[in-house]
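Engineer: one predicted model, sequence on top.
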Amino acid sequence: MDHDLHKNVSNIDFRVLIMTSVSAERDAVLRGLGEASVFDVVVAGVGSAVAAASTAVALSSRKYHLVINAGIAGGFVGKAEVESIVVASEIVAADLGTESADGFISLDELNLGSSRIKVEEDLVTNVMNGLEKAGLSAYTGPILTLSTVTGTTESAKMLAERVEGATAEGMEGYGVAVAARQFGVPVMEIRAISNMVGPRDRDAWRIKEALAALEKASSVLVEVLR
Ligand SMILES: O=C(O)c1cccc(C(=O)CC[C@H]2O[C@@H](n3cnc4c(=O)[nH]cnc43)[C@H](O)[C@@H]2O)c1
């Protein structure tokens, strides 16, 4: 598979699948993409299971060269502020494993598979360069996938200890990534921060602002892939 994005644009069949969880995210991405025609943007629903199933359905419908999970997310304190963009270096199912008296044991440590999917470095570098050139505040690091939005300082701290460098959390990335891996297609996760990971305070979520940042990030994707 050819992973050089700049080389790929000369390929007339080059197509990118962008998976979002809700229609507000899809609309923000579409506004950013404008007339760009190499992208298909799909609303999957909330959560890893529906994201995996919807991604698999989309990937069976036609050939794609890249899958991107895009949306809003919580940012870890000191790692990514509200309205910034996070590009995953790794997509991590942070609650896939078992509890024990000595703490959490991941799927990897249990030798039952892997809860981590690495994103190809050149993809991350290309997109990060584009975001920075466009003047966006952008970070890269692991993005965690969780079934439950973190709602306490204790859980936030525990997750930051569990996954070194944890930068953001969402609810779909790992599902999208597992489906992409099954089809042999490279995957990325790109999220705009709407809230901080920590004590639940829905009134403090800046969804409108995060969606505006997601729109800007999506317009950069067009440049990066041109
Ligand atoms: O209420 C709205 O208008 C609205 C507009 C767009 C999106 C939403 C969502 O609630 C999206 C849910 C989606 O967001 C991700 N997310 C955002 N913050 C976090 C977080 O702190 N922890 C985990 N996930 C988060 C998640 O991927 C959900 O699918 C509402």
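Structural biologist: Everything's here; your move. Numbering: from 1, shown residues only.
Engineer: quick one: contacts for the closest residue to S54 other than its chain neighbours?
Structural biologist: The spatially closest residue to S54, leaving aside those adjacent along the chain, is A44, at 3.7 Å (Cβ to Cβ, 6 or more residues apart in numbering). (Glycine included, C-beta is placed from N, CA and C.) With Cβ atoms under 8 Å, 6 or more residues apart in numbering as the criterion, the residues that contact A44 are M19, T20, S21, V50, A51, A53, S54, T55, E172, V176.
Engineer: next, work out how far apart the first one and the ligand are.
Structural biologist: So the one you mean is M19. When Cβ to the nearest ligand atom, to the nearest Å is applied, the distance between M19 and the ligand equals 11 Å.
Engineer: how distant is the helix or strand containing that residue from the center of its chain?
Structural biologist: Element membership for M19, per DSSP states H and E: strand 16-20. Centroid separation for strand 16-20 versus its chain: 10 Å, with Cα atoms, centre = their mean, to the nearest Å.
Engineer: now stretch 160-167
Structural biologist: Stretch 160-167 has its C-alpha centroid displaced from the chain centroid by 16 Å (Cα atoms, centre = their mean).
Engineer: so what touches it?
Structural biologist: Contacts of stretch 160-167 from elsewhere in the structure, counted by Cβ under 8 Å, 6+ apart, are 75-76, 79-80, 86, 88-89, 92, 94, 104, 106, 139-144, 159.
Engineer: does the ligand sit close to it?
Structural biologist: No. For stretch 160-167 and the ligand, the contact criterion (Cβ under 6 Å from any ligand atom) is not met; the two come no nearer than 11.6 Å.
Engineer: pull out the buried residues from that stretch.
Structural biologist: Residues of stretch 160-167 classed as buried by neighbour count (16 or more other Cβ atoms under 10 Å): A160, R162, V163, A166, T167.
Engineer: same check, this time on stretch 69-82
Structural biologist: Using 16+ other Cβ under 10 Å as the test for burial, stretch 69-82 gives N69, A70, G71, I72, A73, G74, G75, F76, K79, A80, V82.
Engineer: one more: stretch 201-209?
Structural biologist: Under the neighbour-count criterion of 16+ other Cβ under 10 Å, stretch 201-209 has W205, R206, I207 buried.
Engineer: likewise for stretch 97-116?
Structural biologist: Neighbour count says stretch 97-116 has G97, F104, S106, S115, R116 buried, by 16+ other Cβ under 10 Å.
Engineer: quick one: contacts for the residue lying closest to G45 once chain neighbours are set aside?
Structural biologist: Closest residue to G45 apart from its sequence neighbours, by Cβ to Cβ, 6+ apart: S21 at 6.3 Å. Under the criterion of Cβ under 8 Å, 6+ apart, the contact list for S21 reads V43, A44, G45, V46, G47, A51, G71, G170, M171, E172.
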